[in-house]
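>>> Build me a model:
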Amino acid sequence: MTAKKPSFEVYRAADAPPYSETSCMEYSGITPVIEDGIVRATAEGADDGNEVKLLFSMPGMSLTYAWFKSGFPLPLHSHNADCLYYIIAGSLKLGTEELGPGDGFYVGTDVPYTYKPGPEGVEVLEFRTADAFDIRFKGNTTAFWDKIVDGLRKEKPGWAGQRKPTELAGSK
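Numbering: from 1, shown residues only. The predicted structure follows:
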């Protein structure tokens, strides 16, 4: 049975569940090396460096809020859905591009990408052309995951008490 699209619906950020409480994103292509890397990254504090919530979902569309703290080492990955990103606050580096509030980027289905949050971190909205999608990590070597874990080890001490860039903007 196919879920029916609503004709109108209100959503509230306060009601948005963390991704860990949803089934909208499934891991795909997990090898023993990737699984070990995820386990090591989690043990090193990856969960302390981000907050990701599902704001809205309906058949064929979803909206996610994500906050990545400063320098969070986001692993190279792809999704099986088109993604459009909008930066609310903070900054990020995508390849050689520095992006800030009001900027954004589009990533097509199965295109690998990563970005590095700036010194205040970054808050983004992620619009997807699917309500359920995958995440496929591209690093299938121990050296790749060693770099992610080392990045977490380096950046995590600066995350204690770090506030969201939108909170910082409101206090200026």
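>>> Let's test this: name the helix or strand in the chain with the lowest mean pLDDT.
The helix or strand of the chain with the lowest confidence, counting by mean pLDDT, DSSP states H and E, is helix 165-170 at a mean of 84.
>>> Mind giving me the packing neighbours of that one?
In terms of contacts (3 or more Cβ pairs under 8 Å, 6 or more residues apart in numbering; DSSP states H and E), helix 165-170 is packed against strand 83-94, strand 116-128. Every C-beta, even on glycine, is put in place using the N, C-alpha and C of the backbone.
>>> now for the ones you listed, which one comes closest to Phe68?
Using Cβ to Cβ as the criterion, the shortest distance between Phe68 and the helices and strands packed on helix 165-170 is 4.3 Å, found for strand 116-128.
>>> Partner strands of that closest one and their direction?
Neighbouring strands of strand 116-128 in its sheet, by DSSP bridges, are strand 61-68 (antiparallel), strand 83-94 (antiparallel).
>>> All the helices of the protein, residue numbers only.
For the chain, the helices defined by DSSP state H occupy 32-43, 142-155, 165-170.
>>> picking up where we left off before, for Gly108, find the nearest of the helices and strands packed on helix 165-170.
Closest to Gly108 of the helices and strands packed on helix 165-170, according to Cβ to Cβ: strand 83-94, at 8.1 Å.
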